[in-house]
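In: Predicted structure and sequence below. I'll ask about it afterward.
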Amino acid sequence: MSLAEVAAAIIGWPPVWQVLVIGFLGSLVIAVLAVWFERKAAARVQRRLGPYWASPRLGGLLHLIADMVRYAFQYPIIPRTVDLIPFLAAPIAGMVIALLPLAVVPFTSNPAYWPLPPSAMEYSLLIALAIVTLPPIFIIAAGWASNNPFAVIGGVREAFIIVAYELIAILGFLGAAASTGTFNLVAIVEAQGGIMWLAILNPLAFLAAFIAIVMSTSAFPFEIPESEPEVVAGPFTEYSGLLYALNMGGAYMRRFALSIILALTFLGGWYPLVPGEGLLMGYILPSVVVVVKAVIVVLAISFLRAVYGRYRLDQALDLAWKILLPMALAGIALGLFEASIGLT
Amino acid sequence: MSGEVRVYGGWRDDLGLKVIPTRRLARDVYEVFIGPQHPGSGHMRIIIRVDGDVIVEADPDIGYVHRTMEKLGEIRGWIKPIPLFERMAIHDACNITLPYVRAVEKLMGVEAPLRAKYLRVLLCEINRIAAHLYGFAIFGVFLGHSTMYMWAMGDREVFIQLAEELTGARLTHSYPIPGGVRRDIPQGFPDMARRAVKYMRKRLEEYRKIFLDNPVIRSRLEDVGVIPKRLAAELGIVGPNARGSGIQYDVRIIEPYEVYDELDFEVPVYTEGDALARTYVRVEEIRQSLRIIEQVVEWLEKKPREPIVDESIYKKYPPLHKKILESQGRAKLLPWMATMKVPAGRAIGRGETGRGEIIYYVESDGGMNPYRVRIVTPSARNAIAFKYALPGHRVMDLPAIYGSLDYFPPEADR
Amino acid sequence: MSGAELVEGPRDYEATLKAARARAESALREAGISFSVEEGKGFVDLVVDVDSIVKAAEALKNAGFTHVVSVTAVDYPKKKSIKVAYHVTSYLDPEIVGGIVGLAVYLPREAPEMPSLSGVWVSAEFMEREVYEFFGVTFKGHPDLRPLLLIPELAEKRPLRKDFVVREESIYEGVPERVRRG
């Protein structure tokens, strides 16, 4: 076996490709792109230049790398009164566990490159959704460990927001399962390849899932746990240096992981590309298509910063329980109806 | 029950035990210091006591930018306090110093000529628009709406450049002096002013679309921080806050100074008393100020240029100064004004700044310095609204109420 | 959001001040309080005794003066007294709206204290705290008398009194002699 074949086997092994390459490396690159787009688009709306000097010919695209270098060299100040182990572990664990859903979702319909055995693949949607609910606990732990009134208030707000969005996220994604009658993500994607994407067939569930993603990752207009004018940075107030960068990066990675699930369930997954045999056609290219769709969702979420203010906490909860929950349930009903008349 | 908590303290790593006294407030009440080092507090501290998410008690702790202006007013003569008092609210410079100048004029017995009065009104209205735009910018960033912040600050630049054309300085104008003003309008100023007015009218439409009609912003402002009319009258709050609660009061109409009784403008009053009403009052005031600027610029363009200082001062001008005044339109301060003596008496000068009514009580005993200058700024009178309007609201309403009251700590602390 | 009302057109301040003065004087006379008048440009001061100031304040409040505009304190070391004047005006009564009438009292300079009027006019609460810290005037019955703007160490020196002299430094302060000579 030549070196190239060994390398291809290692990189093409689903856990390595999905968690390490797309998960860590990919989400770092996408975080650079998403942060750049967020700042640049907001700057253009606000009639100013935005990031510019870090790489003028690219329009400031590499600005986040400069920021990362700065955070890496910054002196991390750890106050004496914090609870040390949770304080240090929370951002790191949060970031790692944020990427775990990528270990269980399929990126291709070629069974040779599925991350789970086919019997477990039947429930891949449920497994992914279950893992997605884990990271917020670490945000609350970071807030509690910081021993600062603002951090505690921010952590408590995160707990409230979880109550708001979690049910809607699960019900919204289950709307896709209701349409196709299975929890198997591969079957859901293949069902969409035929006629059209589930985003168009079942817009209620799509909208509910999308807004739930916005709520869960503190994007405007729901940037409530870390809102600046009331709680300085919410649970992340006492963090400085690399730990702060890990916290912020964790939010973007959660957004990316949820967007990948959204792209698979509602936006057609790897279609219009039909996966073939071999590493390139069967695995790498379809996953690139999925990643591109997820990136578009992430950029759309980032753009909301330029347009919206921030909702109040109880208003966000009202919105979730009075408007979005009925909408998610209606999405499930619509999905069941469409399945019964044979649309999918 | 009070007690003591021992912590390992000391910043020099001495590991000595430090004792922090504690006291128990009440069950389930959490005291949060929204302190001076906070992105959403300005240069002041609000101590709030919170029960869950609801504010039970609020205590404004002001005085972090106290600059002893009342004491300095007693040792600096009569002219030097003009740039001093300007620094209280520097983006409202002409509005803040004009009432002091008028009080001194009342004591001296001089009056500014008509052209100088129109020039003062021109700069006052330009500053009023700039101050309201500053208020909107801070309000936007408190609500998380960074686009409003950038747009308002960018548009404020237009009016700052207009003021620079008129006075030579972007923010620190020091424009009115006892007896008149310091500069006349340059050539080409009326066209600049008209272009600025047209531009601002277009921008107000954009603000409405992205900020005032934004459903997120409306839901955060509607019925938040309601101050009913009777409470507003008892607390004595001023400016757009009072006019948003239904109180019909504006110093430009109650005690018309300069040429406000000859101009055609309206002062809006809304009765709901919530944060949205106060914001609407400010938007309407910007519109009316644009109208006033148009009328004033038209008058200044038509009438011939005349001396912009009072007769009694103009006769004492040496020939060089008269030549500069006629050719360049600059009135230079004469040396005797630095140590002039003002006859004894007491006077109150009032004006309407962007944030409300400002009052100067000036007392003179015939000397080179004022005997007493008492300043009551609009933000100092609005400070009490924090104590009585905040309880009952949620913590997230605090920036909304703070921004809608347009409280400016350097002005309140003097 | 309903439409805007407008404030009624330009008013004559001289007439307003005269009406406010007349109403204040008649209110005080009905309450049986003696006062003397001190004129000023743009306002008028009615001087009463310390003992009758609370009654006078209540009389003025009932006559329609809703809030305090300024609590002005002036230090007269030559007359050995501190004058505290409550400049009040009205918001709600269209006849006297905006007219400033002052309710003044002279306090002895050594131990100036007077009853607090924050029970009558809520708007005086913060301003009385200011007079307390700058002049040392104690307001009996004030709910929360502590310094408003200054730290307590500085408030003990009573900064705005005339005997607190601010020493001004020359620009050569702290510069050694040989450098100063150049």
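Out: Happy to help now that I have it.

In: Over to the residue of the stretch 201-344 of chain A found nearest chain B: give its phi and psi.
Out: At 2.8 Å from chain B, A:P229 is the closest residue in the stretch 201-344 of chain A, using C-beta to the nearest C-beta. Just so you know, the C-beta spots here come from the backbone N, C-alpha and C atoms, and that holds for glycine as well. Dihedral angles phi and psi of A:P229 (degrees, to the nearest 10) take the values phi -70, psi -20.

In: Tell me how many other residues crowd it.
Out: For A:P229, the neighbour count with other C-beta atoms under 10 Å in any protein chain shown is 22.

In: per-residue pLDDT, the closest residue to it other than its chain neighbours?
Out: Nearest residue to A:P229 in three dimensions, chain neighbours excluded: B:G40, at 2.8 Å (C-beta to C-beta, 6 or more residues apart in numbering or on different chains). B:G40 carries a pLDDT value of 78.

In: Give me the three-state assignment for B:G40.
Out: Taken by DSSP: H, G, I helix; E, B strand; the rest coil, the conformation at B:G40 corresponds to coil.

In: same deal with the one 10 residues further on?
Out: Using three-state DSSP as the criterion, the local structure at B:V50 reads strand.

In: sorry, back to before: now do the contacts for the residue nearest to A:P229.
Out: A:E228, A:P229, A:E230, B:I34, B:F142, B:L398, B:P399, B:Y402 (C-beta atoms under 8 Å, 6 or more residues apart in numbering or on different chains).

In: Looks like the residue of the stretch 201-344 of chain A closest to chain B contacts B:F142 (just checking).
Out: Yes - between A:P229 and B:F142 a contact is recorded at 4.6 Å, counting by C-beta atoms under 8 Å.

In: and for those two, which residues touch both?
Out: What both A:P229 and B:F142 touch, as defined by C-beta under 8 Å, 6+ apart, is the set B:G40, B:P399.

In: which residues in the stretch 1-150 of chain B form helices?
Out: Assigned by DSSP state H, counting those that start in this stretch, the helices in the stretch 1-150 of chain B fall at B:69-72, B:81-86, B:93-108, B:114-142, B:146-167.

In: want to throw the contacts of B:G40 into JSON lines with distance to B:F408?
Out: Putting those into JSON lines (distance: C-beta to C-beta, whole Å) gives the following:
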{"residue": "A:E228", "distance to B:F408": "20"}
{"residue": "A:P229", "distance to B:F408": "16"}
{"residue": "A:E230", "distance to B:F408": "20"}
{"residue": "B:I34", "distance to B:F408": "16"}
{"residue": "B:F142", "distance to B:F408": "13"}
{"residue": "B:L398", "distance to B:F408": "17"}
{"residue": "B:P399", "distance to B:F408": "15"}
{"residue": "B:Y402", "distance to B:F408": "11"}
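
In: now these in CSV, with pLDDT?
Out: Listed next are the contacts of B:G40 as CSV, based on pLDDT from 0 to 100:
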residue, pLDDT
A:E228, 75
A:P229, 75
A:E230, 79
B:I34, 86
B:F142, 88
B:L398, 88
B:P399, 87
B:Y402, 90
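
In: From those residues, pick the one nearest chain C.
Out: For those, the residue nearest chain C by C-beta to the nearest C-beta is B:Y402; the value is 16.8 Å.

In: Now that closest one, what are its backbone angles?
Out: The phi/psi pair for B:Y402 (degrees, to the nearest 10) is phi -60, psi -50.

In: Tell me if I'm right that A:Y244 and A:A72 touch.
Out: No - if you go by C-beta under 8 Å, A:Y244 and A:A72 don't touch, sitting 11.1 Å apart.

In: The two - which one has more neighbours?
Out: Using other C-beta under 10 Å, the more surrounded residue of A:Y244 and A:A72 is A:Y244, with 18 against 11.

In: quick one: the more buried one from A:P76, how far?
Out: To A:P76, A:Y244 is 8 Å away according to C-beta to C-beta, to the nearest Å.

In: wait, what's in contact with B:Y402?
Out: B:G40, B:S41, B:G42, B:I46, B:F142, B:F386.

In: Kindly report the same for C:K78.
Out: Contacts of C:K78 (C-beta under 8 Å, 6+ apart): none.

In: Please repeat the previous calculation with a cut-off of 10 Å.
Out: Applying C-beta atoms under 10 Å, 6 or more residues apart in numbering or on different chains to C:K78 gives the contacts B:D365, C:K162.

In: what helix or strand does it sit in?
Out: Using DSSP states H and E, C:K78 sits within no helix or strand.

In: Can you give me the neighbour number for A:F183?
Out: Neighbourhood size, A:F183 [other C-beta under 10 Å]: 20.

In: What sits closest to it if chain neighbours are left out?
Out: In space, A:F183 is closest to A:L125, 4.5 Å off (C-beta to C-beta, 6+ apart).

In: on contacts alone, who are the packing partners of whichever helix or strand the one you found is part of?
Out: Using DSSP H and E, A:L125 sits in helix A:124-132. Applying 3 or more C-beta pairs under 10 Å, 6 or more residues apart in numbering or on different chains; DSSP states H and E, we find helix A:124-132 packed against helix A:84-98, helix A:149-180, helix A:185-194, helix A:242-265.

In: Out of those, which is closest to B:M108?
Out: Comparison of these against B:M108 by C-beta to C-beta identifies helix A:149-180 as nearest, at 53.4 Å.

In: taking the mean pLDDT, what do you get for the closest one?
Out: 86.

In: And that helix, what's buried?
Out: By neighbour count with 16 or more other C-beta atoms under 10 Å in any protein chain shown, helix A:149-180 contains the buried residues A:149-158, A:161-162, A:164-180.

In: next one: stretch B:165-177
Out: B:L166, B:T167, B:L171, B:H173, B:S174, B:Y175, B:P176, B:I177.

In: angle of the helix or strand containing B:R282 against helix B:114-142?
Out: Here B:R282 is covered by helix B:275-302, with elements defined by DSSP H and E. Counting by axes from the mean of the first three to the mean of the last three C-alpha atoms, to 10 degrees, helix B:275-302 lies at 150 degrees to helix B:114-142.

In: Determine if any part of helix B:275-302 is in contact with chain C.
Out: Yes - Helix B:275-302 comes into contact with chain C (C-beta under 10 Å from any C-beta of the partner chain), by way of B:L276, B:A277, B:T279, B:Y280, B:V281, B:E284.

In: and the following helix or strand past that helix, average pLDDT?
Out: Per DSSP H and E, the first helix or strand lying C-terminal to helix B:275-302 is helix B:311-314. The average pLDDT within helix B:311-314 is 80.

In: Name the residue closest to the centre of chain C, please.
Out: The structure's chain C has its C-alpha centroid closest to C:V71; by C-alpha atoms, centre = their mean the separation is 1.8 Å.

In: Show me the beta-bridge partners of it.
Out: C:Y86 (DSSP bridges).

In: Low-confidence ranges, chain C, go.
Out: C:1-4, C:181-182 (pLDDT under 70).

In: Pretty sure B:V297 sits against B:R195.
Out: No - with contact defined as C-beta atoms under 10 Å, B:V297 does not reach B:R195; the gap is 11.1 Å.

In: could I have stretch A:108-125 exported to PDB, CA atoms only?
Out: Provided in PDB are the C-alpha atoms of stretch A:108-125 (Å, rounded to 0.1, in the frame of the first residue of the first chain):
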ATOM      1  CA  THR A 108     -23.300  10.400   1.600                       C
ATOM      2  CA  SER A 109     -25.600   7.600   0.600                       C
ATOM      3  CA  ASN A 110     -22.800   5.200  -0.100                       C
ATOM      4  CA  PRO A 111     -22.900   2.700   2.800                       C
ATOM      5  CA  ALA A 112     -19.200   2.300   2.800                       C
ATOM      6  CA  TYR A 113     -18.800   5.800   4.300                       C
ATOM      7  CA  TRP A 114     -21.400   5.900   7.000                       C
ATOM      8  CA  PRO A 115     -20.100   6.700  10.500                       C
ATOM      9  CA  LEU A 116     -22.500   4.300  12.200                       C
ATOM     10  CA  PRO A 117     -23.500   0.700  11.400                       C
ATOM     11  CA  PRO A 118     -26.700   0.600   9.400                       C
ATOM     12  CA  SER A 119     -28.800  -0.600  12.300                       C
ATOM     13  CA  ALA A 120     -27.800   2.500  14.300                       C
ATOM     14  CA  MET A 121     -28.200   4.600  11.200                       C
ATOM     15  CA  GLU A 122     -31.900   4.100  11.300                       C
ATOM     16  CA  TYR A 123     -32.000   6.500  14.300                       C
ATOM     17  CA  SER A 124     -29.300   8.900  13.300                       C
ATOM     18  CA  LEU A 125     -31.600  11.900  13.400                       C
END
